[in-house]
Every structure is written in structure tokens, then in C-alpha cells.
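> give the three-dimensional model of this entry:
(one chain, ligands or ions: 2)
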Amino acid sequence: MKYVSTIAAIGQYGDDGAQLQCSVVVERLNSSGQATKRQVIRKAAVFLGRNEFQEIILRVHNGKVPESYTLKEFQLFTRFAKDGKCTVKLLPENVQVLISDCPPHLLNIFLKTLSIKHQAWQTSKPMTDREKLKACLPRSFETISPLQQKDVQKANELRSKVNAPVDFVIAPQALHPSKKPTLSLPAARKLNKEQATVLSAVLSGKNVFFTGSAGTGKSFLLKRIVGSLPPKSTYATASTGVAACHIGGTTLHNFAGIGSGSAPLEQCIELAQRPGVLQHWTSCRHLIIDEISMVEAQFFDKLEAIARCLRRSTEPFGGIHLIVCGDFLQLPPVSKEKDKAAFCFQSRSWRKCIHLNMELTEVRRQTDQSFISLLQAVRVGRVTEEVTAKLIKSAYHKIERDGILATRLCTHKDDVELTNDNKLQQLPGSVRVFEAVDSDPALVKTIDSQSPVSRLLQLKVGAQVMLTKNLDVQRGLVNGARGVVVDFQPGKLGLPRVRFMCGTTEALKPERWMFKAGGGLYLSRQQLPLKLAWAISIHKSQGMTLDCVEISLARVFERGQAYVALSRAKSLEGLRVMDFDPHVVRADPDVLHFYSKLRKERLLLQVSFWLYASFVLTVRPNVL
Ligand SMILES: Nc1ncnc2c1ncn2[C@@H]1O[C@H](COP(=O)(O)OP(=O)(O)OP(=O)(O)O)[C@@H](O)[C@H]1O
Ligand SMILES: [Mg+2]
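Ligands and ions are numbered 1, 2, ... in the order given. Okay, here's the model as predicted:
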């Protein structure tokens with residue numbers, strides 16, 4: 001499905017909160033709540049608007065005749081909004097509109113617009129039937145305007161009145177006056193122009209590869225892309241479990257269901273036809289892959305061939321819409337043999353699968369321009385004397401603050417375990433063990449491979465920890481935030497309180513992570529959003545943003561590894577390199593060549609990214 005036709009539609013792809021593309025079922029209910037009539041509209045358009053009396057109207061379009069419902073008294077069920085589903089129950093009419101397969105990000109804004117506009121409307125004096133008749137206004141429908149601060153203010157005024165009528169349900173607590181939360185405008189952080197351009201290209205239906213140096217917001221954008229596509233046919237994947245978890249998806253291997261993919265193609269096709277796995281391949285219309293740098297060329301080619309075979313299509317990748325992202329100058333594919341594994345862009349099918357190559361250039365992780373330039377130089381393997389001097393000097397940086405020590409990034413996994421175990425043992429006091437609650441304890445290995453938290457978490461007062469989930473972005477409680485355990489709360493659960501580098505001390509509660517396993521199965525783990533952070537491996541750190549980092553690069557064994565480690569830091573002041581040697585910085589010549597070729601081919605068009613994108617999308621379907 002094409003969501004916007006040209007780049008001219010940037011900003012109009014429905015995130016104004018007034019329209020949705022989704023599936024709809026309209027049910028007419030009898031007095032005992034049973035459906036007596038059902039209308040199923042698989043491809044529906046739903047609009048929010050106002051009629052001639054300024055009442056709010058929900059309009060459902062099936063492509064032929066629109067059906068309109070006046071939203072006066074209704075209930076809103078939003079528990080599954082994250083999965084793109086919700087229900088609007090119109091009370092006097094006894095009709096319910098069940099919305100599904102809706103891009104979750106857009107549904108979220110739509111629901112917020114609906115509820116705030118409705119509450120604001122309640123503060124005005126609605127017209128009586130008599131007044132309406134007298135007014136003799138011609139029938140009209142106008143799309144509702146985007147949410148504004150004044151709507152929020154009006155809605156909050158109404159909420160503050162204790163006996164205010166509550167005739168719809170946002171969430172169960174909304175019925176409870178004392179617990180009514182104050183409303184605010186949707187807090188979604190805005191995409192920058194480059195990111196919006198990529199999103200637009202994706203929504204136009206093009207197969208897009210987007211790249212950019214570490215911290216340019218690739219994963220941030222990917223999350224928005226996931227939220228802007230219909231959930232039933234969208235699969236968000238990444239080459240590693242940790243990266244998959246960042247975007248709320250699964251591993252590419254899990255999606256494919258062909259094990260390591262090293263078996264001959266015929267065998268892989270058989271594996272992919274197993275019940276549960278086959279459904280991924282047939283129902284997938286949009287496949288998202290993050291951290292593409294670690295996907296091997298051979299594996300990509302196999303997936304491409306399997307997709308054509310199982311979907312009985314001669315189109316590249318069986319016609320699946322591909323959205324691929326990553327930085328080839330970061331970690332390469334892990335090779336089991338002596339030979340270096342080929343990059344995905346060197347695969348036979350890459351060129352015919354990717355229509356558009358785009359680059360994000362605005363770094364968001366760091367703000368200090370000179371540190372950004374230093375990292376850019378390291379990324380391409382250019383270590384000048386100035387860069388060397390700065391990194392050697394960083395060995396003396398005092399980055400510990402308020403009892404929070406630096407996280408040591410290690411090249412090897414065994415160093416990580418040893419360091420964390422030793423440091424925990426050295427701390428005085430008793431250990432508290434927190435055990436995760438897994439949805440399926442028999443599948444603990446599958447959960448472990450995707451979960452950012454371990455099944456058993458051992459903590460002591462003084463333990464150095466890291467947050468593994470965004471809890472409150474505004475307060476700095478973000479994924480990767482560093483802290484120290486200050487105490488455990490009294491009581492049976494004895495939950496830990498952690499003082500974070502941003503100054504906040506927070507008592508942490510268990511959080512839940514959902515994972516997609518093979519066969520459309522959902523798994524979950526409930527655990528504290530913490531991991532020990534004296535040390536983590538560079539491979540596990542790919543994709544992370546870290547507050548204060550100590551790095552030993554003596555045992556670097558991979559191209560791009562030093563760059564990945566250094567670029568996790570938010571600032572040079574928050575970084576300490578113990579033993580910098582310029583020789584450990586290596587950029588792969590094949591990648592440099594690939595990027596320089598790409599750049600050359602779009603040099604003329606880079607004058608303005610917007611112009612470039614509009615040209616490419618409307619005139620040239622393939623840049624390569
Ligand atoms: N438009 C934006 N608004 C606010 N914050 C942003 C935006 N884009 C990115 N960020 C923030 O910048 C930081 C880096 O973003 P992100 O991790 O997505 O970068 P990345 O390109 O995926 O990096 P890496 O290559 O290291 O994986 C994150 O903290 C993210 O929340
Ligand atoms: Mg990333």
C-alpha cells in the first residue's frame with residue numbers, strides 16, 4: 001500500500017490526528033451487547049471532523065459510501081492501541097466501531113485528538129435539537145483541526161471540576177476523578193528534516209536503505225517508521241537481539257526461521273515453510289532491518305531467494321517492501337570461517353532490492369562539534385595527530401561523579417562477565433537476587449537472546465547499574481542512563497532505589513518486554529529494567545547511548561570496533577580511553593569505496609536534500 005504519493009505530501013501523511021487508514025468492523029448491538037449486524041471493511045479510511053453544528057463526527061469510508069457517527073456519548077477502549085487497535089462504542093446508538101491494523105503512532109495521535117477535542121467541546125454549550133432546527137444550516141463535514149494548546153487547556157479545565165461528566169473511557173483510571181491525569185499535547189519528539197524525508201520516502205512505498213554515522217538517529221527514526229506502518233503486515237527486525245529490542249522487534253534470524261542460513265537453499269526453503277514460519281513470509285509486506293552492517297551477504301541473498309519462492313513472485317525480495325538501516329562503518333558481520341564475511345551491500349541481490357540510498361548527517365547523540373568531528377575522523381579510519389593527542393589525553397579524564405563509576409567497554413565477552421562478577425563480590429553487604437517472570441520458562445533461551453535484561457539480576461547497595469528502558473525521557477531516565485544502587489525499599493519486594501547521573505533518584509519497578517518468537521508467538525519477560533554496568537561488551541553496546549565510558553582498545557579485533565566504542569559516549573568529557581593506539585582504528589576499504597561511490601552518484605542532487613528526494617521519488621525510481 002502506498003501511503004503518500006509524492007514528497008509534496010511530507011507532513012501530510014496523517015499525523016495531524018484527523019485520519020487513519022486501517023481495517024474497520026462496525027457492529028450493531030442488541031440490548032444484551034451482542035452483535036446483530038456486522039460490516040467488515042478491510043481497507044477503510046477513518047476521518048475525524050465536525051458537522052455544521054460543530055459536533056465531532058467519526059466518518060468511516062469504505063471507498064464508496066461514507067458512514068458518519070456523531071461523537072457525543074461514547075466509550076473509547078484503547079488498551080491495545082500500541083498494537084494498532086481500539087474500539088469506539090457509541091452509547092445511544094448501541095453501535096461499536098472496531099478499528100484494527102492501524103499504524104500505532106498515527107492511532108495514538110488520532111485518539112489523543114479525539115479525546116481532547118471532545119472534552120474541549122464539552123466546555124462549550126451544545127445546541128439543543130430545537131436550536132438546530134431553527135438554525136437551518138446546510139449539512140457539512142469539515143476535517144478537524146490539529147490539536148492546539150487551547151484545546152488542551154479547555155479539556156483540563158473540565159477535568160479539574162470534580163463533578164465533570166465522564167461519558168467516555170480513555171483508560172480505566174479516567175473514570176476515577178482523583179486519578180485523572182492532566183492532559184498535554186502529544187509529547188512525541190519531532191523528526192528532523194532529514195528523518196522526515198526518509199519517512200516520506202518509506203511511506204511512498206520505495207525500498208529504502210538509510211545510513212549515517214553513529215548517533216544520527218537511525219534507530220530513533222526506525223521506531224517512528226514502525227509506528228507509521230500497518231502492524232499486521234510489518235515486521236521490525238535487526239541483526240542482533242539487543243538492536244531488535246531497541247525498535248520493539250525480533251531478530252532477522254527469528255523472522256526468517258532458517259537457522260543460521262548456512263544450509264543449501266532448498267533446505268532453507270523447506271525450513272521456511274514450517275507452520276508458523278511460512279506465515280511470516282506470506283503476511284509480510286514491510287520488512288524492516290536495523291543494524292544491517294552485521295548481516296552477511298550470503299544470508300541476505302538466501303532471504304531474497306526464499307521470499308521470491310514462497311511468495312510466488314519474480315519481483316526482488318518477492319515484492320516485500322524493504323526498509324534497511326545501519327552504518328557499514330560500524331561492526332561487520334561475524335564470520336565463523338577465516339575469510340572475512342561479505343557485507344550485505346556486496347550481495348548479488350542488494351542492487352535490485354534497494355531503490356533509494358539516503359544518509360542522515362545531523363548527529364543527535366553528541367552536541368560538541370569538535371568531538372563530533374573527532375568521531376567522524378575515527379569512523380573513516382583517519383586518525384590525525386590531533387585526534388590521537390585528544391584520545392591519549394582522555395586517559396586522565398575524571399569522569400566519575402557522585403559515586404557513579406564509568407562503564408568499561410570491553411572487546412571480549414569473558415572480560416565483561418569477570419569484571420561485573422568481581423566488582424559485585426567486592427562490594428560489602430548482602431546480594432539481592434531478582435528473578436524475571438517469563439511467559440514461557442521453557443523458551444528461556446529464546447527470551448535471553450532478545451531480552452536486554454537477564455533472568456537473574458544480582459544487586460547490592462553500591463552496584464553500578466544501567467537503565468535498559470526509556471522510563472521518562474524528560475527526566476533523563478533513558479535507555480543507557482548510568483546510576484548506582486543507593487538502597488532497597490523496605491518490604492517483601494525490596495525494590496532497589498537508583499541514583500542516576502542526571503541527579504534523579506528513582507525506585508525501580510519491574511517492567512515488561514514483549515518479543516516475537518517464531519510462529520507468530522509472543523513471549524514476554526518481566527524484570528527490573530537494570531543491568532550491571534561496571535562493564536559491557538562493545539558488540540552489545542552497538543546502538544547504545546552511554547553517559548560515562550571507559551574504554552580499553554588494546555584487544556580490538558574488528559574493523560569499526562574502536563569507532564563503535566568511542567561513539568557511544570555523549571561527550572569527550574564523559575569518555576576515558578585507557579591505552580589509545582592509532583593502529584586499532586580501522587575502517588574497511590570496501591565500505592569506504594561503497595560510500596564514496598554512493599556519494600558521487602548523488603553529488604548534484606545533494607544541493608538540497610528535499611529537492612533531491614522529491615526528484616528521486618517522482619522522476620527516478622532507482623538511483624543506483
Ligand atoms: N529527532 C530526534 N529528536 C530527539 N532526539 C533524537 C532524535 N533523533 C535521535 N535522537 C536521539 O539521539 C540519540 C541517538 O539516536 P539513535 O540511537 O537512534 O542513533 P543511531 O543513528 O541509531 O546510532 P547508532 O548508529 O549508534 O545505532 C538517541 O538518544 C535518540 O533518542
Ligand atoms: Mg541505532
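
> measure the closest residue to ligand 1 within the stretch 201-350 of the chain to Leu191 for me?
Among all residues of the stretch 201-350 of the chain, Gly217 sits closest to ligand 1, at 2.8 Å; criterion: C-beta to the nearest ligand atom. (C-beta placed from N, C-alpha, C; glycine too.) The gap separating Gly217 from Leu191 is 8 Å, by C-beta to C-beta, to the nearest Å.

> now swap in Glu359 and tell me
15 Å.

> is whichever residue of the stretch 251-400 of the chain sits closest to ligand 1 part of a helix or strand, or is it coil?
Closest contact between the stretch 251-400 of the chain and ligand 1, by C-beta to the nearest ligand atom, is at Arg364 (3.4 Å). Following DSSP: H, G, I helix; E, B strand; the rest coil, we place Arg364 in the coil state.

> can you pull the pLDDT of it?
Arg364 carries a pLDDT value of 93.

> quick check, it in contact with Ser219.
No - if you go by C-beta atoms under 8 Å, Arg364 and Ser219 don't touch, sitting 10.7 Å apart.

> higher neighbour count, those two?
Per other C-beta atoms under 10 Å, whichever of Arg364 and Ser219 has more neighbours is Ser219, with 19 against 16.

> distance check, the closest residue to that one other than its chain neighbours against Ser23.
Excluding the flanking residues, the one nearest Ser219 by C-beta to C-beta, 6 or more residues apart in numbering is His246, at 5.3 Å. According to C-beta to C-beta, His246 and Ser23 sit 28 Å apart.

> comparing these two, which residue is more hemmed in?
The neighbour comparison of His246 against Ser23 (other C-beta under 10 Å) goes to His246, with 23 against 18.

> OK, contacts around the more buried one?
Ser219, Lys223, Ala238, Asp290, Asn479, Gly543 (C-beta atoms under 8 Å, 6 or more residues apart in numbering).

> A helix includes the first one, no?
Yes - note on Ser219: a helix contains this position according to three-state DSSP.

> surely it and Ala244 touch.
No - Ser219 is beyond contact range of Ala244, at 10.5 Å (criterion: C-beta under 8 Å).

> intersection of neighbour lists for those two?
Common neighbours of Ser219 and Ala244 (C-beta under 8 Å, 6+ apart) are Asp290.

> so of the contacts of His246, which ones are in helices?
Ser219, Lys223 (DSSP state H).

> out of the contacts of His246, which touch ligand 2?
Restricting the contacts of His246 to those touching ligand 2 (C-beta under 5 Å from the ion) yields Ser219, Gly543.

> just the contacts of His246 now: which is nearest Ala442?
Ala238 (24.6 Å; C-beta to C-beta).

> one step back: okay, Gly217 and Leu191: which has more neighbours?
Gly217 (21 against 18).

> got phi/psi on that one?
phi 90, psi 30 (degrees, to the nearest 10).

> my read is that it contacts Thr361, right?
No - counting by C-beta under 8 Å, Gly217 stays clear of Thr361, with 10.5 Å between them.

> what is in contact with these two at once?
Counting by C-beta under 8 Å, 6+ apart, nothing touches both Gly217 and Thr361.

> how about the residues of this protein by ligand 2?
Going by C-beta under 5 Å from the ion, the residues of the chain near ligand 2 are Lys218, Ser219, Gly543.

> excluding sequence neighbours, find me the nearest residue to the last one.
Okay, so that is Gly543. Ala243 (4.9 Å).

> I'd like the mean pLDDT over the helix or strand encompassing that neighbour, please.
If you go by DSSP states H and E, Ala243 is part of helix 241-246. Across helix 241-246, pLDDT averages out at 78.

> what is whichever helix or strand comes after it packed up against?
Once the chain leaves helix 241-246, the next helix or strand it forms, by DSSP H and E, is strand 250-251. If contacts are counted by 3 or more C-beta pairs under 8 Å, 6 or more residues apart in numbering; DSSP states H and E, strand 250-251 sits against strand 234-238, helix 241-246, helix 444-450.

> try 10 Å
strand 234-238, helix 241-246, helix 444-450, strand 511-516 (3 or more C-beta pairs under 10 Å, 6 or more residues apart in numbering; DSSP states H and E).

> which residues does stretch 266-274 contact?
Identification of contacts with stretch 266-274 by C-beta atoms under 10 Å, 6 or more residues apart in numbering yields 255-264, 277-278, 280-281, 299, 302-303, 305-307, 309-310, 518-519.

> please name the nearest non-neighbouring residue to Lys516.
Thr250 (4.2 Å).

> give the burial count for the one you found, as a bare number.
Neighbour tally, Thr250, other C-beta under 10 Å: 24.

> list the contacts of it.
235-238, 241, 244, 280, 446, 450, 514-518, 523.

> quick one, which of the residues you listed are buried?
235-238, 241, 244, 280, 446, 450, 515-518, 523 (16 or more other C-beta atoms under 10 Å).

> least confident of those residues?
Gly518 (63).

> distance check, Ile536 against ligand 1.
Going from Ile536 to ligand 1 by C-beta to the nearest ligand atom, to the nearest Å gives 14 Å.

> what comes up buried for the helix or strand hosting that residue?
Remark: Ile536 resides in strand 535-537, with elements defined by DSSP H and E. Buried residues in strand 535-537, counted by 16+ other C-beta under 10 Å: Ala535, Ile536, Ser537.

> and the helix holding Ala243, how far out from the chain middle?
10 Å (C-alpha atoms, centre = their mean, to the nearest Å).

> just the CA atoms of it, as PDB, please.
In PDB, the C-alpha atoms belonging to helix 241-246 read as follows (Å, rounded to 0.1, in the frame of the first residue of the first chain):
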ATOM      1  CA  GLY A 241      18.700  -9.200  19.700                       C
ATOM      2  CA  VAL A 242      19.700  -6.100  21.600                       C
ATOM      3  CA  ALA A 243      19.200  -3.900  18.500                       C
ATOM      4  CA  ALA A 244      15.900  -5.700  17.800                       C
ATOM      5  CA  CYS A 245      14.700  -4.800  21.300                       C
ATOM      6  CA  HIS A 246      15.500  -1.100  20.800                       C
END
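
> that helix close to ligand 1?
No - contact of helix 241-246 with ligand 1 (C-beta under 6 Å from any ligand atom) is absent, the minimum separation being 7.4 Å.

> ok, and which of the contacts of His246 reach ligand 1?
Applying C-beta under 6 Å from any ligand atom to the contacts of His246, those adjacent to ligand 1 are Ser219, Gly543.

> contact partners for the residue nearest to Glu506 when sequence neighbours are not counted?
Distance criterion C-beta to C-beta, 6+ apart; nearest residue to Glu506, sequence neighbours excluded, is Val498 at 5.8 Å. Val498 is in contact with 404, 459, 463, 465-467, 477, 481-487, 504-508, 528-530, counting by C-beta under 10 Å, 6+ apart.

> out of these, which are buried?
Neighbour counting by 16+ other C-beta under 10 Å classes 404, 459, 463, 465-467, 477, 481-485, 506, 508, 528-530 among the contacts of Val498 as buried.

> please flag which of these sit within strands.
In this view, those that belong to strands under DSSP state E are Leu459, Val465, Met466, Leu467, Arg482, Gly483, Val484, Val485, Glu506, Leu530.

> least confident of those residues?
Arg482 (87).

> hey, what's it bridged with?
Met466 (DSSP bridges).

> mind listing what it touches?
Arg482 touches 401, 404-407, 464-467, 498, 500-502, 533, 546-549, 574, counting by C-beta under 10 Å, 6+ apart.

> okay, Asn108 and ligand 2: tell me how far apart.
Look at Asn108 and ligand 2: by C-beta to the ion, to the nearest Å, they are 22 Å apart.

> can you report how many residues neighbour that residue?
Asn108: 21 neighbours (other C-beta under 10 Å).

> surely it and Thr78 touch.
Yes - contact criterion C-beta atoms under 10 Å: Asn108 and Thr78 qualify, at 8.9 Å.
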